[in-house]
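Peer 1: Give the three-dimensional model of this entry:
(chains A and B)
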Amino acid sequence: MSYKQVLLHGLWKDLPPFRLVLGLCPSLAVTSSIENGMGMGLAVTFVLIFSNMMISMLRNIIPDKVRIACFIVLIATLVVIVEMVMKAFFFPLSQQLGIYIPLIVVNCIILGRAEAFASRNPVLLSMADGLSIGIGFTLSLSLVGSIREILGAGTWFGISLFGSNFEPFEFMIKAPGAFLCLGILLGLMNAYSRKRGESIIQT
Amino acid sequence: MREISKLVLVLSLICGISATALTIVRISLEERIDMQNDFYVRGPALEQLFKKPANDLLKDKIVFTMDDIAYPIFYMTKGNEITGLAIEAPGHGGYGGDVIIMIGIDTEAEKIIGLEIIQHSETPGVGSNIEKVSFRKQWNNLLINELVELRARGGTIDAISGATYSSNAVVDGTNKVKIIINEHLDEIEALIQVNLN
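Peer 2: Numbering: from 1, shown residues only, chains lettered A, B, ... in the order given. The predicted model follows:
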């Protein structure tokens, strides 16, 4: 694959979480506002770029039989670093995201990219893949977060949009609203792809 | 055999390097994280307990060590007399690790003013209910000289249903604070006097 292809594939063709259908857990759990969704997306992007980089660098050293263990150790290290940096510089955000930050370790997108891409491609290309998938993930979570926050709280980035007379659909910022929002978006994307004659990954 | 030793070697090396990296990051960020904790968590908790601006309260801080655990203690004084203490303590036995609590004490009336939860990793919606006022208000006006216990074990504290571990961790932290106050008050006063002069 060329750099251009790699850089673009995370934005539509393999857009997470919709196209890969991986990493749904944080997409449902932390997208109650755009700020949380974006923060989560950026944390994942950071981990993804550097985990892809390190795994790609070590891909000829790591023996096949213990590769998953090695990947997890590297990913966990990065996640703990992210957690500490977030606590030191973005404390309110780290409180909002809470338990979901350490859970990035078991986010399937990261292990998935390590296994499917970084363990068999050169370093720079792997970093490009991490960047692309990470940006796609951030955009998706921001979109879900925006829809839920606008409908569910009547605000965007905490700024009130509709004045005090607006009665928000509180349902949208609760857990079921996340399923509804994600499901409708996924359905719309599939309908659009089908119309364009693209092959659809999920069945 | 050679293959196995290679597996072990590579995995150990990666783990070792990761541990080193984490230690370096932790040491370099520790102070900043503590500052952020003061500003965003301890400050508001102290404000709740003593109804005074956080900036006045945060600077009066000592650290008391008992059984290798460091307890940050904030104090209020009138002249040279100590009128109030806020002691932070880890409660063992939570479902997701230690529950860090802060207990405000009126040293003149020998009563607890209130309980604040500083940090916890309990299950959202279940154990996290220890943060709710309905649970925490049970601490208001408790006497400091007697230990607390859950009602199920013959005490006075109603546990949160479904979250006995979390409730018990808070009780454990409370009892640590009470032991400090009852047995080591002199040492704390000495530390504070050093700080005052």
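Peer 1: which bits of chain B sit near chain A?
Peer 2: B:3, B:6-7, B:10-11, B:14-15, B:18, B:21-22, B:25-26, B:29, B:32-33, B:36-37, B:39-40, B:96, B:121, B:124 (CB under 8 Å from any CB of the partner chain). All C-beta atoms are positioned from the backbone trio N, CA, C, and that covers glycine.
Peer 1: How about the secondary structure of the most centrally placed residue in chain A?
Peer 2: The residue lying closest to the centre of chain A (CA atoms, centre = their mean) is residue A:137, at 3.5 Å. The local conformation at residue A:137, judged by DSSP: H, G, I helix; E, B strand; the rest coil, is helix.
Peer 1: Spatially nearest residue to it, not counting backbone neighbours?
Peer 2: Nearest in space to residue A:137, with sequence neighbours left out and distances taken as CB to CB, 6 or more residues apart in numbering or on different chains, is residue A:16 at 4.6 Å.
Peer 1: same thing with residue B:49?
Peer 2: residue B:104 (3.4 Å).
Peer 1: Could you verify my assumption that residue A:175 touches residue A:28?
Peer 2: Yes: between residue A:175 and residue A:28 a contact is recorded at 7.2 Å, counting by CB atoms under 8 Å.
Peer 1: So between those two, which is more surrounded?
Peer 2: Each of residue A:175 and residue A:28 has its neighbours counted (other CB atoms under 10 Å in any protein chain shown); residue A:28 has more, 18 against 12.
Peer 1: which residues does the residue nearest to residue A:137 contact?
Peer 2: By CB atoms under 8 Å, 6 or more residues apart in numbering or on different chains, residue A:16 lies in contact with A:10, A:22, A:23, A:109, A:133, A:136, A:137, A:140.
Peer 1: Just the pLDDT at the first one, thanks.
Peer 2: Which is residue A:10. What the model reports as pLDDT for residue A:10 is 86.
Peer 1: Backbone torsions only: list them for it.
Peer 2: phi -80, psi -10 (degrees, to the nearest 10).
Peer 1: In terms of helices and strands, where is the nearest residue to it once chain neighbours are set aside?
Peer 2: Ranked by CB to CB, 6+ apart and with sequence neighbours excluded, the top spatial neighbour of residue A:10 is residue A:132, at 3.4 Å. Here residue A:132 sits within helix A:123-153, counting by DSSP states H and E.
Peer 1: what about the residue nearest to residue A:10, neighbour count?
Peer 2: A count of nearby residues for residue A:132, using other CB under 10 Å, gives 25.
Peer 1: List of residues touching stretch B:139-153?
Peer 2: Applying CB under 8 Å, 6+ apart, the contact partners of stretch B:139-153 are B:103, B:105, B:110-115, B:155-159, B:164, B:167-168, B:171, B:174-175, B:178, B:181-182.
Peer 1: Show me which of those residues are buried.
Peer 2: Buried members of those, scored by 16 or more other CB atoms under 10 Å in any protein chain shown, are B:103, B:105, B:112-115, B:157, B:159, B:164, B:167-168, B:171, B:174-175, B:178, B:181.
Peer 1: Mind checking which of these land in strands?
Peer 2: B:103, B:105, B:112, B:113, B:114, B:115 (DSSP state E).
Peer 1: In these, find the pair that's most separated.
Peer 2: For those, the maximum inter-member distance is 10.7 Å, found between B:105 and B:115 (CB to CB).
Peer 1: Low-confidence ranges, chain A, go.
Peer 2: Scanning chain A with the threshold set as pLDDT under 70 gives A:200-203.
Peer 1: That one against chain B: which residues are in contact?
Peer 2: So far as CB under 8 Å from any CB goes, chain A lies against chain B at A:58, A:61-63, A:65-66, A:69-70, A:73-74, A:76-77, A:80-81, A:84-85, A:87-89, A:91-92, A:95, A:98-99.
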